[in-house]
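>>> Got a predicted structure plus its sequence, pasted below:
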Amino acid sequence: MKETGQLIFERRGSGFPLVLVHGYLAGAGIWREQFEFFQDRFDVLAPSLPGFGDSAHLTAPDTIPDFADQVLDGLRAQGAERFHLLGHSMGGMIVQSMAARAPDRIASLVCYGTGPIGALPDRFETIEASRQRLKTDGIEKTVRRIAATWFLAGDASEGYGDCVELGLKTSMQAALASLSAWETWDGRPDLKVIEADTLVVWGDRDRSYGWPQPEALWRGITNSSLAVVPGCAHNVHLEKSDLFNTIIGDFLPDTP
């Protein structure tokens, strides 16, 4: 791990860069299976966003474009000028903003378990409810409760414990700032300016992003394809990691 441009990145492998951007209450460690699968083919980089994971000591911004700028700046400091880009959940909002702001740097885009509307109209609870419960319950109880919604089997899922362990590193400041960032973000106007070939990936039992969200990405981005994974909730990359990795690997070219 190396700290450059403030953000701490995990980086492994060689080849054309593949950037993985995690979601809410997570960090670079959420991509363990993807590092193992892709490191022989790509130079895999994953930032821990400010306030999360190994970047928990950093202050998080409260807008999605500011998150996007920090990741773009961090990648430049890492020497990654052009790259494939994948974002999950909140990270999916961030990569949409990155693709709209720096289209020449994005070779291929994967929007996974995400959508273009930050207010999350189909989420298991409103953003305001999450905010109030976070303030009342604290980080640990919130992480344990929300992480259970990411899996069909809830807290009995094989990946649940790893998500909790990583989520507990999140600062309260970042947890609250991120909720504010979602509320003020609407990425729909940017969809028409995204130029990269794009894959939209969605688990059909996702409780955070209902079907209208990935559908809006698929229909709104010109060069887009859709992969719906049956029998999965929000964390397809952990519930069906082999299938997820195969879908992503088939989509991404070795040399753009």
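Everything's here; your move. Numbering: from 1, shown residues only.
>>> excluding its backbone neighbours, what's nearest Phe67?
Nearest residue to Phe67, sequence neighbours excluded (Cβ to Cβ, 6 or more residues apart in numbering): Ile94, at 4.8 Å. Bear in mind the C-beta positions are built from the backbone N, C-alpha and C, glycine included.
>>> Could you say which helix or strand holds Val200?
strand 197-203 (DSSP states H and E).
>>> Identify the residues contacting that strand?
If you take Cβ atoms under 8 Å, 6 or more residues apart in numbering as the criterion, strand 197-203 is touched by 99, 108-113, 209, 211, 214, 217-218, 221, 223-229, 231-236, 239, 244, 247-248, 251.
>>> Now do the strands in the chain.
Using DSSP state E, the strands found in the chain span residues 2-3, 8-13, 17-21, 43-48, 83-88, 106-112, 197-203, 224-229.
>>> thinking Met93 is in contact with Ile117, fair?
No - Met93 is not in contact with Ile117 according to Cβ atoms under 8 Å; the separation is 9.0 Å.
>>> Dump the strands of the chain to a markdown table, plus mean pLDDT, distance to Arg188 and mean neighbour count.
A markdown table is the format used below for the strands of the chain (pLDDT from 0 to 100; distance: least, Cβ to Cβ, whole Å; neighbours: other Cβ atoms under 10 Å):
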| stretch | mean pLDDT | distance to Arg188 | mean neighbour count |
| --- | --- | --- | --- |
| strand 2-3 | 39 | 35 | 12 |
| strand 8-13 | 98 | 30 | 20 |
| strand 17-21 | 98 | 20 | 26 |
| strand 43-48 | 98 | 25 | 25 |
| strand 83-88 | 98 | 16 | 26 |
| strand 106-112 | 98 | 13 | 25 |
| strand 197-203 | 98 | 14 | 25 |
| strand 224-229 | 98 | 14 | 17 |
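>>> Turn these into TSV, including distance to Leu152.
Shown next, in TSV, are these (distance: least, Cβ to Cβ, whole Å):
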stretch	distance to Leu152
strand 2-3	36
strand 8-13	27
strand 17-21	23
strand 43-48	25
strand 83-88	17
strand 106-112	17
strand 197-203	9
strand 224-229	11
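>>> Ok, which of those strands comes nearest Glu128?
Among these, strand 83-88 comes nearest to Glu128, with 23.1 Å by Cβ to Cβ.
>>> got the angle for the closest one vs strand 17-21?
20 degrees (axes from the mean of the first three to the mean of the last three Cα atoms, to 10 degrees).
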